[in-house]
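>>> here are the coordinates; sequence isn't available:
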């Protein structure tokens, strides 16, 4: 079937319906793969055991890198009127995802973190773990910005995209994320199901 | 002198205890016929299901090392083979009740638009039955299993007489309904086998939405809860667990004489004798058993002189579209669990005047998770720009605004889409493995275009935004879990394997009552029709037995 003019117009119109111009699909393969790995791991027994262990130490990251990950995840999903990623122990989830990932993805992630440490030292004179929230925000803002990135920022942009996605996956699968932040009432036994009663949606 | 007791000959041996086999065993035993029921697995323990359990309690249990009941057969235990470039996602449940333990519960009657499709368009064969033949059985099945739905009948979706009240739509479903109304695309209340009223001693649904984990209150139909216990109570049922049926044995005349099975725990080779065999092991496994049942009278597999068994595999195609409705952003998070699936349904409409199409057959659509997800943030949350408090606020705002559209389309039956058995590759019992070769063709590709157009029209009219949408990107072959066609019924014994009563043309004392008997896939979910056909076939079987014809 030949593609008609109307088909092309329709498809052009459709692109306007699709969100995420800066989607993960434009990221390096290791980022896509690591983010998918995080989603696959989110509900596994191993990930949950990590999150609830009374005593825990990282299995992939160094103590200093773990401190950096705590700072970064908390900056991505901070405490507001509800607890943030630090309280939800998302750093443990990050380390767990890395422990289940391929060696290449793991090393790309760690390399990205090292790149960010270097950038931080250059801009603020401290590594990520040592920087203040304000200093770190200033370093991260250009890496998270939309639009055409500076070529020399590419490793940092990819790294930030990965840790942002893993943080979101991890945080919103915890009780803090689901119940306190998103407001799931946790009721599993209802006598009736009311459905939508809003006049504006009928 | 040694006394030799002749082995017991069961009046009927039923293979499989899911929707088809469970129904057969239930219907025969209640009519006083003794049945040996073989199931490849064991009983699942309903008291151990994680049904009314919050996501965070689920996590806490996982963290403590507890494990929920697992239903699905591991391919390490039972592999199957496909061509390298044509994967097929086969889902099997071995255990009492089979896939009805975790089925999607969508219960849509087929109509003459489905049964008589081939009469209209000439593609392959029509069903040997019409709606009038099966509708009394739909009536009985719906009353037995408890199906909810609306009264919005149509030529596509008839027969709402016995439906229980449907649950109210959620906010996103309301908005999609409104958008589809503007476009003149039909949308009705979903029809699903969740009991919204107490039924035959089972409590009504509690709206926990965890149906995929199995229901600890048996508030949706599962053969193991709703059929097998009453069959056992008749005293006429012998239920043998962990009996992996391998072959139907035949006598010199070519009639079925029994079943060979392997004990799943010990691997021992067993045989049982029966006068009649009813196959309800699922489309693919019943087909495998028939093809492996070769003998001098049935060199091409049991009852397969026509060479149709294994061919015409048809599995529905599906598109998946997901996104959010800005109109719902920032509304409060709701308890949207409901009956664990969407509360609305888009029946097929492409046959209507003015809906011109360049392909045969049609599609309907489901709307899966059009709600506030309770298992995490929605897909694409990581595409929201920035970080920090504003990102957190945006994710929360979008949370209740999620919608999904999943059109299911009929795939035509093709002779080359085929299940075979591979004598070179065998399972742990030495039984040849399934080989599944399945691909869709030009008709399905054209239908996919129309599905995508429909999705995009609805999203536009609803003011929605799609996330990670890839136009025309069909889900994995096999993922609808609606396999059909490989042992189809029909009037012509050269073109079909079964009669209109699911009896083999070539082997009168074998009946095949699962989805393999369907000549077409339709766009609808098959379990309600499997239950109805199995009931009808075993009524006929019982009658023939009483007349001395079997």
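Ah, there it is. Fair warning: this is a prediction, and the values are worked out from it, not measured in the lab.
>>> so who does residue B:88 touch?
B:80, B:82, B:315, B:436, B:438, B:476, B:477, B:478 (Cβ atoms under 8 Å, 6 or more residues apart in numbering or on different chains). To be clear about C-beta, it is placed using only N, CA and C from the backbone, and glycine gets the same treatment.
>>> er, residue B:151 actually
B:160, B:163.
>>> what about the spatially closest residue to residue B:237 that is not a sequence neighbour, how many neighbours?
Nearest non-adjacent residue to residue B:237, counting by Cβ to Cβ, 6 or more residues apart in numbering or on different chains: residue B:231, 4.4 Å away. Using other Cβ atoms under 10 Å in any protein chain shown, residue B:231 is surrounded by 25 other residues.
>>> rewinding a little: now the buried members of the contacts of residue B:88.
Neighbour counting over the contacts of residue B:88 (16 or more other Cβ atoms under 10 Å in any protein chain shown) leaves B:80, B:82, B:315, B:436, B:438, B:477, B:478 as the buried ones.
>>> Run through the residues that contact the fifth one.
It refers to residue B:438. B:82, B:86, B:88, B:313, B:315, B:417, B:418, B:477, B:478.
>>> is it true that the last one touches residue B:314?
No - at 11.5 Å, residue B:478 and residue B:314 do not qualify as touching, with contact defined as Cβ atoms under 8 Å.
>>> Show me where chain A has its strands.
In chain A, no strands are defined using DSSP state E.
>>> Which secondary structure element of it has the lowest mean pLDDT?
helix A:5-15 (a mean of 41; mean pLDDT, DSSP states H and E).
>>> What helix or strand is residue B:360 located in?
Under the criterion DSSP states H and E, no helix or strand holds residue B:360.
>>> which phi and psi does the nearest residue to it once chain neighbours are set aside have?
Excluding its sequence neighbours, the residue lying closest to residue B:360 (Cβ to Cβ, 6+ apart) is residue B:121, at 4.9 Å. When read as degrees, to the nearest 10, the backbone of residue B:121 gives phi -110, psi -10.
>>> Residue B:121: how many residues sit nearby?
13.
>>> about what we covered before: return the member of the contacts of residue B:438 nearest to residue B:97.
Residue B:97 has its nearest neighbour among the contacts of residue B:438 in residue B:478, at 21.1 Å by Cβ to Cβ.
>>> Quick check: closest non-adjacent residue to that closest one.
That would be residue B:89: by Cβ to Cβ, 6+ apart, it lies 3.8 Å from residue B:478.
>>> which residues of the stretch 1-150 of chain B fall in helices?
B:19-29, B:55-63, B:112-115, B:117-121, B:131-145 (DSSP state H, counting those that start in this stretch).
>>> And those: which comes nearest residue A:171?
Per Cβ to Cβ, nearest to residue A:171 of these: helix B:55-63, 13.0 Å.
>>> Could you pull out the buried residues of the closest one?
B:55, B:56, B:58, B:59, B:60, B:61, B:62, B:63.
>>> residues contacting the third one?
Which is residue B:58. A:43, B:50, B:68.
>>> Right, and chain B sits closest to which residue of chain A?
Closest to chain B within chain A is residue A:195: 2.6 Å, counting by Cβ to the nearest Cβ.
>>> can you tell me which residues contact the residue nearest to that residue when sequence neighbours are not counted?
For residue A:195, ignoring the flanking residues on the chain, the nearest one in space by Cβ to Cβ, 6+ apart is residue B:168 at 2.6 Å. By Cβ under 8 Å, 6+ apart, the residues touching residue B:168 are A:193, A:194, A:195, A:196, A:197, B:343.
>>> Torsion angles phi and psi at residue B:192?
phi -140, psi 150.
>>> OK, contacts around it?
B:105, B:106, B:107, B:147, B:148, B:149, B:220, B:339, B:341.
>>> between those residues, which is nearest chain A?
residue B:339 (7.5 Å).
>>> The closest one: what's it in contact with?
A:193, B:105, B:148, B:167, B:192, B:194, B:196, B:205, B:207, B:209, B:211.
>>> mind redoing it with 10 Å?
A:193, B:105, B:148, B:166-167, B:190, B:192-196, B:205-209, B:211, B:219-220 (Cβ atoms under 10 Å, 6 or more residues apart in numbering or on different chains).
>>> tally of neighbours for residue 158?
Since no chain was named, I'll use chain A. Count around residue A:158 with other Cβ under 10 Å applied: 21.
>>> wrong one, chain B
Residue B:158: 17 neighbours (other Cβ under 10 Å).
>>> Leaving out sequence neighbours, find the closest residue to it.
Using Cβ to Cβ, 6+ apart, the closest residue to residue B:158 is residue B:111 (5.3 Å).
>>> least trustworthy helix or strand in chain B by mean pLDDT?
That would be, for chain B by mean pLDDT, DSSP H and E, helix B:55-63 at a mean of 91.
>>> So what's the gap between it and the chain middle?
In terms of Cα atoms, centre = their mean, to the nearest Å, the centre of helix B:55-63 is set 30 Å apart from its chain centre.
>>> Flag the shaky bits of the chain, pLDDT-wise.
I'll assume chain A. A:1-25 (pLDDT under 70).
>>> meant chain B actually
In chain B (pLDDT under 70), the answer is B:1-5.
>>> for it, which strand is longest?
Chain B, longest strand under DSSP E: strand B:269-279.
>>> For that strand, buried residues please.
Counting neighbours by 16+ other Cβ under 10 Å, strand B:269-279 gives B:270, B:272, B:273, B:274, B:275, B:276, B:277, B:278, B:279 as buried.
>>> residues near residue 148, how many?
In the absence of a named chain, this looks at chain A. 6.
>>> meant chain B, my bad for not saying
25.
>>> in terms of contact, does it touch residue B:221 like I think?
No - Residue B:148 is not in contact with residue B:221 according to Cβ atoms under 10 Å; the separation is 11.4 Å.
>>> shared neighbours of those two, anything?
B:105, B:107, B:192, B:193, B:194, B:195.
>>> Could you tell me how many residues sit around residue 95?
You didn't say which chain, so I picked chain A. Residues near residue A:95, counting by other Cβ under 10 Å: 19.
>>> sorry, should have said chain B
Residues near residue B:95, counting by other Cβ under 10 Å: 23.
>>> I'd like the distance between it and residue A:99.
Distance, residue B:95 to residue A:99, using Cβ to Cβ, to the nearest Å: 33 Å.
>>> Pull up the gap between the closest residue to residue B:152 other than its chain neighbours and residue B:404, please.
Nearest residue to residue B:152 in three dimensions, chain neighbours excluded: residue B:188, at 4.2 Å (Cβ to Cβ, 6+ apart). Counting by Cβ to Cβ, the gap between residue B:188 and residue B:404 amounts to 17 Å.
>>> For residue B:306, grab the count of nearby residues.
Residue B:306: 17 neighbours (other Cβ under 10 Å).
>>> try the one 3 residues further on
By the criterion of other Cβ under 10 Å, residue B:309 has 29 neighbours.
>>> Next, give phi and psi for it.
Torsion angles, degrees, to the nearest 10, at residue B:309: phi -70, psi 130.
>>> burial of residue B:456, as a residue count?
22.
>>> can you check residue B:442 too?
11.
>>> Where do the helices of chain A begin and end?
Taking DSSP state H, the helices of chain A run over residues A:5-15, A:29-41, A:45-52, A:63-76, A:90-100, A:103-124, A:133-144, A:154-171, A:175.
>>> Identify whichever of those helices lies nearest to residue B:323.
helix A:5-15 (11.8 Å).
>>> And for residue 180, nearest residue in space, chain neighbours not counted?
Just going to use chain A. residue A:82 is the one closest to residue A:180 (Cβ to Cβ, 6+ apart), at 4.5 Å.
>>> was after chain B, sorry
Per Cβ to Cβ, 6+ apart, closest to residue B:180 is residue B:187, 4.5 Å.
>>> quick revisit: please list the residues outside the helix or strand the residue nearest to residue B:237 falls within that contact it.
Per DSSP H and E, residue B:231 falls inside helix B:228-233. If you take Cβ under 10 Å, 6+ apart as the criterion, helix B:228-233 is touched by B:14, B:17, B:21-30, B:35, B:37, B:39, B:43, B:96-97, B:200, B:218, B:222-223, B:237-239.
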